[in-house]
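Asks: Sequence and predicted structure, then a few things I'm wondering about:
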Amino acid sequence: MSKESREKKTQIIDKLQESFAKSSVSILTDYRGLSTTEMTKLRRRLQESGIEYKVVKNTLARFATERAGKNDLTSSIEGPIAVAFGYDDITAPARVLTSYIRDSQASLSIKGGILGDRLLTSEEVMTLATLPSREILIAKVLGQIQSPISALLNCLNNPLRGFIGVLQARINQLEGE
């Protein structure tokens, strides 16, 4: 193996290791059967959501996952694979990939993934795709936190509203006389 080839592979491993380390979620896919145009469409859809999609050689991917401390993922690296790296919203890569598979009827399949340090099966990735985004989950939690406070405020205001209603009725009664 030439020195240039070895340096190039080292650079690829370093970039992959950085992607695995920085990403909040990494999803492995089997891209066999996708035409070049289908692969281009998929990459565009993923890029629009801020997701990086790389076709990688298994040996290089294994080295990169080991260096990044994602040793659990090495067992899933078999056959031709491409990896979707999600950096912000952990549900976005799974959502885009599953919607692409559903819409295009492509032969793309999800092999598994890793969320933080937790290994995901392909079924868990599909479940991840059905979860609402982080912003929606935060809004729901905040709504649940606010609900008891709003109910307490209503309970405290009801006697005051009743008293104001009685006063207003008396004012109307006195004006009518």
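Replies: Great, that's in hand.
Asks: show me the contacts for the residue lying closest to residue 58 once chain neighbours are set aside.
Replies: Closest residue to residue 58 apart from its sequence neighbours, by CB to CB, 6 or more residues apart in numbering: residue 77 at 5.1 Å. Backbone N, C-alpha and C define where each C-beta goes, glycine included. For residue 77, the contact set (CB atoms under 8 Å, 6 or more residues apart in numbering) comprises 28, 58, 61-62, 65.
Asks: Let's test this: mean pLDDT of stretch 103-118, rounded?
Replies: Averaged over stretch 103-118, pLDDT sits at 81.
Asks: domain ranges for this protein?
Replies: Residue ranges for the domains of the chain, per automatic domain parsing: 3-131, 132-177.
Asks: Which stretch among these is buried most, on average?
Replies: The highest mean neighbour count among the domains of the chain, using mean count of other CB atoms under 10 Å, belongs to domain 3-131: a mean of 17.
Asks: what about it, distance to the chain center?
Replies: Centroid separation between domain 3-131 and its chain, computed with CA atoms, centre = their mean, to the nearest Å, is 13 Å.
Asks: what about the strands in this protein?
Replies: 25-30, 51-56, 81-86, 109-115, 118-120 (DSSP state E).
Asks: Next, format those as a markdown table and append distance to residue 145.
Replies: Shown next, in a markdown table, are the strands of the chain (distance: least, CB to CB, whole Å):
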| stretch | distance to residue 145 |
| --- | --- |
| strand 25-30 | 27 |
| strand 51-56 | 31 |
| strand 81-86 | 28 |
| strand 109-115 | 26 |
| strand 118-120 | 27 |
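Asks: Can you name the two of the contacts of residue 77 that sit furthest apart?
Replies: Greatest spatial distance among those (CB to CB): 28 and 62, at 11.9 Å.
Asks: Would you check how far apart residue 152 and residue 146 are?
Replies: 11 Å (CB to CB, to the nearest Å).
Asks: I meant to write residue 130 there.
Replies: Distance from residue 130 to residue 146, by CB to CB: 26 Å.
Asks: before we move on, the earlier item: could you work out which of the strands of the chain reaches nearest to residue 126?
Replies: That would be strand 109-115 among the strands of the chain, by CB to CB, at 7.1 Å.
Asks: can you list contacts of the closest one?
Replies: Around strand 109-115, the neighbours that count as contacts under CB under 8 Å, 6+ apart are 24-30, 70, 72-73, 76, 78, 81, 90, 93-94, 97-98, 101, 119-122, 124-126, 128.
Asks: Thanks again, I'm all set now.
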